[in-house]
Structures are given as structure tokens and as C-alpha cells.
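> below is the sequence, then the predicted model.
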Amino acid sequence: MGSQEFNPQGSQEPEVGERVSQLVGVPRVYALVVPIEPGGAMGLLKRAVADLRPSYLIIVRPQGVGASIADKVSDAVVDFAKSIDLVLNAQVVEVPGRLVDGVVAVRRAIMHAKVLANTTLYVHFAIFDGSPTWLNTVLLYTASVVRSLTWEFIGLGKVRYYGVDGFEDLVKPARYVDLNPTEYLVLKIIARGHTTAKEIHEVYVKEVEPVSRQLINATLARLNQRRW
């Protein structure tokens, strides 16, 4: 993006964890985003839940993986959490094949968890050995987006790779800061389920400011060309 692009973070903007970590008595609530394991296996998933002990779990499944398999995994991991004295709220998210659509779907699920938590939410991401590379890529890009959500009171926790021999904490991805304000607001509207240019334009005009349909069309075109 050119130098004329507005940086919504600013070079000195602290992450949400940095801004609230000194507040006494502020509860830390965690969510964990994971890819579904091949064949509905749960070995790495259970390890991640036991290690990170989240209150909210978002299981990401690609199109083509049956909903019934994902639902069984969700129910089983909630039962496992009870066995380790953990109350876990689990949801399953279907991820489309395009990267930008996948990131939007996962972000929408995170925002839903934030509403349920009703407080600052810290989000861990687990990358599993054996999961499809493109699915892990969706999660890594979403982690980058989460680092740009400080004004939503959402912070990035750990980004951890789980393999058969253990786990490794990965370097946190850079913040995704090259969105201008219109692009960011359009993505927020999409994340709420408005997917056509007509719907997005109507919501933008009603909730933000009057703009032309051409501006919304151009914004959508830029987002689609970028493919994150």
C-alpha cells in the first residue's frame, strides 16, 4: 500500500494486553482457535486444550469435512474439558476455500466469542501437524488480523505449533495494519454476514456515513485482489 494509506494502529499503539495487563482485578478470558484434525482425531486438540485452558474454543473445519464429524469432535472435547475441571464453550466454523473468506469467517467467530465473554478476550492459535497447510495458513493470517483489533478489546495470546513430539511457540505474526479505515469497516460489515455489495453499501450508509456505491465496489475489489 502507498504512503497515503491511513494506519489505524499507529506505530506506537500498544497491544491490548500491554494496555490492560497492569489493571488489578481484570479477569483474563481466553479463546483458542484450532484446525480440525484429519479424520476427526483429537490427540493434538486435547493437548492444546489441556495446555492453554481456554474458556472458548473455535474449531475450524474446511469445506468438505462433514459437519457431523466436527460436531462429534466438539462434543467430545467439551466432555474432555470437564474431566480436567474446565468449562469450555465450543463452536465449529466452516472455512471456505478462498483465503480472505476463511479469515473473515474465523474473525466472525472470534467476535462472537468476545460478545459472549463480555470482557477483554485474548485469543490463542494452535497449528496442528498433519492439518491441511492452507487451513493452518488461514489461522496464521487471522492471528495477524487479531493483532490489529486492539480497539475491539481483543488481544493475541500464544501462537503454538503442536506436533507428535511436543509443541513449539511460534513468533507472533506481524500486525495486519495496511487496511485503510474504509477497508476495515467493510470487513467488519462482511463479518456480520452481509456479503453482497448492495447489503454492505446499505449498512455502511446507515451506520457509518453516506458514501457512493462505487466506493464500496472499489473497496471490495481491492480486498479481493489482495487475497491476504
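Now that the structure is in, tell me what you want to look at.
> let me see the contact set for the residue nearest to the spatial centre of the chain.
With distances taken as C-alpha atoms, centre = their mean, the chain has Arg107 as the residue nearest its mean C-alpha position (3.7 Å). Residues near Arg107 by C-beta atoms under 8 Å, 6 or more residues apart in numbering: Thr142, Val145, Val146, Leu187, Ala191. All C-beta atoms are positioned from the backbone trio N, CA, C, and that covers glycine.
> who wins for most neighbours among the residues you listed?
Within the contacts of Arg107, neighbour counts (other C-beta atoms under 10 Å) peak at Val146, which reaches 30 neighbours.
> what's the longest strand in the protein?
strand 154-163 (DSSP state E).
> any buried residues in that one, and which?
Using 16 or more other C-beta atoms under 10 Å as the test for burial, strand 154-163 gives Ile154, Gly155, Leu156, Gly157, Lys158, Val159, Arg160, Tyr161, Tyr162.
> do you know how far the residue nearest to the centre of the chain is from Ile127?
17 Å (C-beta to C-beta, to the nearest Å).
> rewinding a little: save the contacts of Arg107 as CSV, and put in pLDDT too.
Formatted as CSV, these follow (pLDDT from 0 to 100):
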residue, pLDDT
Thr142, 90
Val145, 84
Val146, 86
Leu187, 76
Ala191, 63
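> outline the domain layout of this structure.
20-169, 181-226 (automatic domain parsing).
> select the longest helix from the protein.
Ranked by residue count and defined by DSSP state H, the top helix of the chain is helix 99-117.
> compute the inter-axis angle for that one and strand 154-163.
For helix 99-117 against strand 154-163, the angle by axes from the mean of the first three to the mean of the last three C-alpha atoms, to 10 degrees is 120 degrees.
> in helix 99-117, which residues are buried?
Result for helix 99-117 [16+ other C-beta under 10 Å]: buried residues 99-114, 117.
> please save the CA atoms from that helix in PDB.
The C-alpha trace of helix 99-117 is given here as PDB (Å, rounded to 0.1, in the frame of the first residue of the first chain):
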ATOM      1  CA  LEU A  99      -8.200 -17.200   2.000                       C
ATOM      2  CA  VAL A 100      -9.900 -13.900   2.500                       C
ATOM      3  CA  ASP A 101     -13.300 -15.600   3.100                       C
ATOM      4  CA  GLY A 102     -11.700 -18.000   5.500                       C
ATOM      5  CA  VAL A 103     -10.100 -15.200   7.500                       C
ATOM      6  CA  VAL A 104     -13.400 -13.400   7.700                       C
ATOM      7  CA  ALA A 105     -15.200 -16.500   8.900                       C
ATOM      8  CA  VAL A 106     -12.800 -17.100  11.700                       C
ATOM      9  CA  ARG A 107     -12.700 -13.500  12.700                       C
ATOM     10  CA  ARG A 108     -16.500 -13.500  12.900                       C
ATOM     11  CA  ALA A 109     -16.400 -16.500  15.300                       C
ATOM     12  CA  ILE A 110     -13.800 -14.700  17.400                       C
ATOM     13  CA  MET A 111     -16.100 -11.600  17.600                       C
ATOM     14  CA  HIS A 112     -18.900 -13.900  18.700                       C
ATOM     15  CA  ALA A 113     -16.800 -15.300  21.500                       C
ATOM     16  CA  LYS A 114     -15.900 -11.700  22.500                       C
ATOM     17  CA  VAL A 115     -19.600 -10.900  22.800                       C
ATOM     18  CA  LEU A 116     -20.100 -14.000  25.000                       C
ATOM     19  CA  ALA A 117     -17.100 -13.200  27.100                       C
END
